[in-house]
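Asker: no sequence on this one, just coordinates:
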């Protein structure tokens, strides 16, 4: 009889512990940034056949810098840059308006680390390095984008690295 009582108490204890752990974890998940509800498609007005503001950006793991800007038709390569952010993206760009409200999100993966392999160096511990990444960001002519914010994503959310003002 005592053995059955101990088993029942263990099951009750385990069930209550798991319930409390699940409830406390559910609150933390709600606080994290949810990209599915936050993503605004900034690409919807862009086409290779229509004019757009094109910003040439130089980026590295320390931040962004604006190299130049022009009004022209976007290239197919610059339109391919627009990908919705996911958990696999290490770096994310936010396109912001004058009130710092997000009008677009772009997931970049990790374009700054280049992986190299060389025959004869298989025993080496270093197989890559960090590089600068140059790219063009087309933004629709009728958008009111004023800033581009550069973020690093980790398990705790997004951490802003730098923010540049657009002309």
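Answerer: Structure's in. What do you need? Everything numeric in this text was worked out from a predicted model, so none of it was measured. Residues are numbered from 1 along each chain as shown.

Asker: Now the residue nearest to residue 132 when sequence neighbours are not counted. Its backbone dihedrals?
Answerer: Distances taken as C-beta to C-beta, 6 or more residues apart in numbering put residue 60 closest to residue 132, at 4.8 Å, once the chain neighbours are dropped. Using the backbone N, CA and C atoms, a C-beta is placed for each residue, glycine as well. As for residue 60, its main-chain torsions (degrees, to the nearest 10) stand at phi -150, psi -170.

Asker: The residue most central in space within the chain: what secondary structure?
Answerer: Note on the chain: the residue nearest the mean C-alpha position is residue 92, at 2.9 Å, using C-alpha atoms, centre = their mean. In three-state terms, and counting by DSSP: H, G, I helix; E, B strand; the rest coil, residue 92 is strand.

Asker: quick one: it and residue 106 touch, right?
Answerer: Yes - Residue 92 is within contact range of residue 106, at 6.8 Å (criterion: C-beta atoms under 8 Å).

Asker: which residues are in contact with both of the two?
Answerer: Shared contacts of residue 92 and residue 106, defined by C-beta atoms under 8 Å, 6 or more residues apart in numbering, are found at residue 85.

Asker: quick one on the thing from earlier: quick one: contacts for the residue nearest to the centre of the chain?
Answerer: 85, 105, 106, 107, 108, 150, 151, 152, 153, 158.

Asker: Tell me which of the residues you listed has the lowest pLDDT.
Answerer: When the contacts of residue 92 are compared by pLDDT, residue 85 scores lowest at 86.

Asker: So that one lies in a strand, does it not?
Answerer: No - counting by three-state DSSP, residue 85 is not part of a strand but coil.

Asker: name the element the nearest residue to residue 90 once chain neighbours are set aside belongs to?
Answerer: Counting by C-beta to C-beta, 6+ apart, the nearest residue to residue 90 once its immediate chain neighbours are dropped is residue 110, at 4.1 Å. In the assignment (DSSP states H and E), residue 110 maps to no helix and no strand.

Asker: One more: residue 53?
Answerer: With DSSP H and E as criterion, residue 53 is part of strand 52-60.

Asker: Quick one: mean pLDDT for that strand?
Answerer: 93.

Asker: Check stretch 94-102 too.
Answerer: Taken as a whole, stretch 94-102 has an average pLDDT of 91.

Asker: Buried residues in it, which are they?
Answerer: When burial is assessed from 16 or more other C-beta atoms under 10 Å, stretch 94-102 yields the following buried residues: 94, 95, 96.
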